[in-house]
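Q: based on what follows, work out the 3D shape:
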Amino acid sequence: MPTRSPLAIVAVLTLLATSASALEWFDIRGTQPPRGSRVYICHGYSCRIVSPVTFSEGDLAKIGSSLSQATDAAGERAAISAAVQVYETIVGARIGTSADLAKMQFGRGEDNQMDCLDEATNTTSLLVLLAEHGYLKHHDVREPSARGFFFDGRYPHATAVLAEHGTGEKWAIDSWPRANAEPPVIQLLSEWKRARSGDELPS
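A: Predicted coordinates for the structure are as follows:
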């Protein structure tokens, strides 16, 4: 089985063993939460590199434009998918991660690639940014979640998480299975937790 860096493994196991808030997650990862219109993007695997990106008002309007049309939770999740794509397009052009490939490229720790810990952190940053700027009406941002623990036959994997208002249902917003600026996998967290990292997952 290919190996991930010890730092990444420790981070995933820490997540599995702790109950952290969305903001505490950034401390666990050794990075910073969004501040105003600035986010701190993890890349190079396991937040080895953290690059600040500041969005203009125009950038924020583009990222959040689809959310203004959402009238319910399902519509908001679809709009979040679009927001992730715009966000990753802008970020990729700014810091050189446009060529980030789907999933994890073992043995290729290039600066422009991201593992699931980078992706979970970056997507959580986006969700916090959207919430702070008033774009999220039907969901709250929760701490990232993880699945897989080696002894259960699955490789550790993390995802960003939203909780739906009213029902409390948690949803995985997982950018890792897809290449940069492609639609993230969005599914009930309970279903995501049962899957394996090699499974083909729905959009």
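
Q: rest of the way, CA atoms for contacts and neighbours
A: Will do.

Q: quick one, helices of the protein?
A: Under the criterion DSSP state H, the chain contains helices at 6-17, 22-29, 57-64, 73-95, 116-132, 189-194.

Q: tell me the most buried of those helices?
A: Mean neighbours per residue, mean count of other C-alpha atoms under 10 Å, is largest over the helices of the chain for helix 116-132, with a mean of 25.

Q: excluding chain neighbours, what is closest to Gln32?
A: Nearest residue to Gln32, sequence neighbours excluded (C-alpha to C-alpha, 6 or more residues apart in numbering): Phe26, at 5.5 Å.

Q: I should have written Glu182 there, sorry.
A: Leaving aside its chain neighbours, Glu182 sits nearest to Gln85 (5.8 Å; criterion: C-alpha to C-alpha, 6+ apart).

Q: residue contacts, that neighbour?
A: Asn180, Ala181, Glu182, Pro183, Pro184 (C-alpha atoms under 8 Å, 6 or more residues apart in numbering).

Q: equivalent analysis for Asp72, please.
A: Shown in contact with Asp72 (C-alpha under 8 Å, 6+ apart): His138.

Q: so that it lines up with my notes, have the first residue be 670 from now on.
A: Understood, numbering begins at 670; the last thing we discussed is Asp741.

Q: separation between it and Leu770?
A: Look at Asp741 and Leu770: by C-alpha to C-alpha, to the nearest Å, they are 32 Å apart.

Q: count of neighbours near the residue nearest to Leu770 when sequence neighbours are not counted?
A: Of all residues not flanking Leu770 in the chain, Ala848 sits nearest, at 4.5 Å (C-alpha to C-alpha, 6+ apart). The burial count assigned to Ala848 is 18, neighbours taken as other C-alpha atoms under 10 Å.

Q: wait, Ala848 sits on Asp769?
A: Yes: using C-alpha atoms under 8 Å, Ala848 makes contact with Asp769 at a distance of 5.8 Å.

Q: about what we covered before: could I get the contacts of Gln754 as JSON lines with distance to Leu831, pLDDT and neighbour count?
A: Output for the contacts of Gln754, formatted as JSON lines (distance: C-alpha to C-alpha, whole Å; pLDDT from 0 to 100; neighbours: other C-alpha atoms under 10 Å):
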{"residue": "Asn849", "distance to Leu831": "21", "pLDDT": "97", "neighbour count": "25"}
{"residue": "Ala850", "distance to Leu831": "20", "pLDDT": "97", "neighbour count": "23"}
{"residue": "Glu851", "distance to Leu831": "19", "pLDDT": "98", "neighbour count": "18"}
{"residue": "Pro852", "distance to Leu831": "16", "pLDDT": "98", "neighbour count": "21"}
{"residue": "Pro853", "distance to Leu831": "13", "pLDDT": "98", "neighbour count": "24"}
